[in-house]
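Sequence and predicted model, in that order:
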Amino acid sequence: MKTRSLIWTALGILLLVVPIIRPDQYLMTIIIYVFVYAILAETWDLLAGYTGLISFGHAAFFGVGAYTSALLSIDFGISPWLGLVLGGGTAALFGLVVGYPTLRLRGPYFAIATLAFAEAARISISSMSDVTGGPQGLFGYKTFEFVPYTLENYYYMGMALSVVATVILYKVVNSKFGLTLQSIRDDLPLAEMQGINTTRYRLAAFMISGFFAGMAGVFFAVFSLSITPDLLGLSVTAAVISMAMIGGRRTIWGSLFGAFLVEIVTEGLRRTGADVSLMLQGAIIALVILVLPRGISTLGRYISQPG
Amino acid sequence: MAAEAALLVDNITKRFGGVVALEGVSLLVETASITGIVGPNGSGKTTLFNLICGIVRPDSGRIFLNGVDSTGKPPHEIARLKVGRTFQSLRVFKHLTVAQNLAVAGTGMGGDVSGKIGEVLRFVGLEEKQNDEAGSMSYGQQKLLAFGMMLVRDASLILLDEIAAGVYPDLVAKISGMIRELQSKGKTFVVIEHDIPFITNLCSKIVVLDAGKKIAEGTPAEITADQRVIQAYLGEKKRAR
């Protein structure tokens, strides 16, 4: 327990001083992406790892959050600060709308249904050019007031957002509510037999997951200054799933490491010009599943207790 | 009469496609009694439990729990009417610890049960296992846990689906003892079991199902002497007819 808090403190300090060292802009940008992706992977873990809902449509939360905030800024001049809440809220509502009809489906059917909803959302945004800018996307919306648009500022803001989301999600899964979610994952009919309204609990998990993923989308939209329907695409979902799987399911914080590893490796490779990043991503997932089926977050356990 | 009954099953019928699982079955279970349900495989015993718990809905007929019509209610609402149930294929939350299993069982009922968990752990004898993952325990210990979960919830009607099956004799005796003790405190039991000595020792009333119909009902002595019951189990006379 003590070593763990030591590692976290060291990691925190390291991340805090990165902008002071002033590495190249590219590395800073990648780490900001890591902060965003960590939230996505953690919220996916809340559904998959804790509630037993393997979603293939996670990018929809991200995109719905991003588009909500961007559109509110463009059409009504609403600040992205408020957009963080409204974008998250809309994504949570989207979770409710998607969750209600799909939750009665099991296993692969649920996964396919979530994918279908996400693709439907992506294609809708892509085709409603008058409102959403279509495939060209949106740009020219507001950035955060009071925070000048510099890489350092957004780095710290992304870090803060990521830390807040991680702490809250960690508290959620370790609460009585989180325990109930885990019981539903283990055996849904048995949970019903305990008097638990499993539909309501799973919808709540969907909405919490959607809220933070949507919030991550709002921050991402402001940081990248423009968004396209690709945000809702399967490649985002695939990256998120691989991060959560590599980092380790049922940990929340493992996703943070997964996000680092996947993002640094894929971006690092992209930089060398070798377009093998997706292949390598697949290879890493395969390797982790073979060697550490519960993710790299269990690595410590294997080192301290070999075998 | 219905108001006093812990459970009243009134003329219930359930078909799965063309198969009649239960046909016109009625059953009255008095409060603080132990009722046994026996019958050959496929006679509809587990379907009856599934109907009482709301896992499946009847095609016709009604079910009352302590006088409350529970027909068609979802499982979690029926569970909150203080119905507890163990499954034939033993089920506990395998990845949660013993204490967590009990905590979850309490959650569904609302209110604080943390005080109750220690008491139940002592009663079922799993105090030392409370931080073990439920799935890592022996079959018998998991059965005790499943039993304990119903006690944390303070279930008043307890449905046991083959709780004594596949368990060593000492544990069967222990479970019998626990059922008797809880009955004396006012809990009502309905027990599905193939183990005839177990059920005749425990139950004041036995109901026999065969091919979805109730073919006999009575005291253990009446049932074990009943020709229809012997036929249903052995089928000798059917062939001779």
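Nice, thanks for sending it over.

for residue 85, what are its contacts?
Using chain A. A:Met215 (C-beta atoms under 8 Å, 6 or more residues apart in numbering or on different chains). Every residue, glycine included, has its C-beta placed from N, CA and C.

if you could check chain B rather than the one you did, that'd help
B:Arg85 neighbours (C-beta under 8 Å, 6+ apart): A:193, B:49, B:52-53, B:150, B:158-161.

Among those residues, pick out the one closest to B:Ala99, please.
Distance to B:Ala99, by C-beta to C-beta, is smallest for B:Met150 among the contacts of B:Arg85, at 15.9 Å.

How about that closest one, nearest residue that isn't a chain neighbour?
B:Gly84 (3.1 Å; C-beta to C-beta, 6 or more residues apart in numbering or on different chains).

Next one: that neighbour relative to B:Thr46, how far apart?
16 Å (C-beta to C-beta, to the nearest Å).

Among the two, which residue is more densely surrounded?
Comparing B:Gly84 with B:Thr46 by neighbour count (other C-beta atoms under 10 Å in any protein chain shown), the higher total belongs to B:Gly84, at 26 against 20.

Up against chain A, what does chain B have?
B:53, B:55, B:74-77, B:79-80, B:84-85, B:87, B:91-96, B:100-101, B:103-105, B:107-109, B:149, B:153 (C-beta under 8 Å from any C-beta of the partner chain).

Just the buried ones from these?
B:53, B:55, B:75-76, B:79-80, B:84-85, B:87, B:91-93, B:95-96, B:100-101, B:103-105, B:107-109, B:149, B:153 (16 or more other C-beta atoms under 10 Å in any protein chain shown).

which ones among the residues you listed are found in strands?
Among these, the members found in strands (DSSP state E) are B:84-85.

after the host helix or strand of A:Val64, next one along is what?
A:Val64 is part of helix A:58-76 when elements are defined by DSSP states H and E. Downstream of helix A:58-76, the next assigned helix or strand under DSSP H and E is helix A:80-102.

which residues does residue 145 contact?
In the absence of a named chain, this looks at chain A. A:79, A:81.

ah, I was thinking of chain B
B:Leu145 touches B:92, B:98, B:101-102, B:124, B:126, B:134, B:137, counting by C-beta under 8 Å, 6+ apart.

Check what pLDDT B:Gly140 gets.
pLDDT recorded at B:Gly140 is 92.

For the most centrally placed residue in chain A, which non-adjacent residue is closest in space?
In chain A, the centroid-proximal residue (C-alpha atoms, centre = their mean) is A:Leu40; its distance is 0.2 Å. Nearest non-adjacent residue to A:Leu40, counting by C-beta to C-beta, 6+ apart: A:Val240, 4.5 Å away.

Smallest gap between the stretch 101-250 of chain A and chain B, at which residue?
Chain B sits closest to A:Gly195 of the stretch 101-250 of chain A, with a gap of 3.0 Å, by C-beta to the nearest C-beta.

Isn't that residue up against B:Met109?
Yes: counting by C-beta atoms under 8 Å, B:Met109 is a contact partner of A:Gly195 at 5.3 Å.

what about residue 225, neighbour count?
You didn't say which chain, so I picked chain A. Neighbour number of A:Leu225 under other C-beta under 10 Å is 13.

try again with chain B
11.

Also A:Thr143?
16.

Skipping its backbone neighbours, what lies nearest it in space?
A:Tyr149 (5.0 Å).

again with A:Ala113
A:Thr102 (4.2 Å).

Output the below-cut-off pLDDT ranges for the stretch 151-300 of chain A.
Scanning the stretch 151-300 of chain A for pLDDT under 70 picks out A:271-277, A:299-300.

Around chain B, pick out the residues from it.
Checking the stretch 151-300 of chain A against chain B by C-beta under 8 Å from any C-beta, the hits are A:176, A:179-180, A:182-183, A:185-187, A:189-198.

Quick check: B:Pro40 touching B:Tyr233?
Yes: using C-beta under 8 Å, B:Pro40 is in contact with B:Tyr233, at 6.2 Å.

what's near enough to touch A:Leu103?
With C-beta under 8 Å, 6+ apart, A:Leu103 has these contacts: A:53, A:110, A:199, A:202-203, A:206.

List the buried residues of the top helix by length along chain A.
Longest helix in chain A by number of residues (criterion: DSSP state H): helix A:198-224. Neighbour counts over helix A:198-224 (16+ other C-beta under 10 Å) mark A:198-199, A:201-224 as buried.

Mind listing residues that contact the helix or strand following it?
Going down the chain from helix A:198-224, the next helix or strand is strand A:226-227, by DSSP H and E. Strand A:226-227 has contacts (C-beta under 8 Å, 6+ apart) with A:63, A:66-67, A:70, A:137-139, A:220-221.

Work out for me the element B:Lys214 sits within.
Per DSSP H and E: strand B:213-218 holds B:Lys214.

Show me what that strand is packed up against.
strand B:19-30, strand B:205-210, helix B:220-225, helix B:227-234 (3 or more C-beta pairs under 8 Å, 6 or more residues apart in numbering or on different chains; DSSP states H and E).
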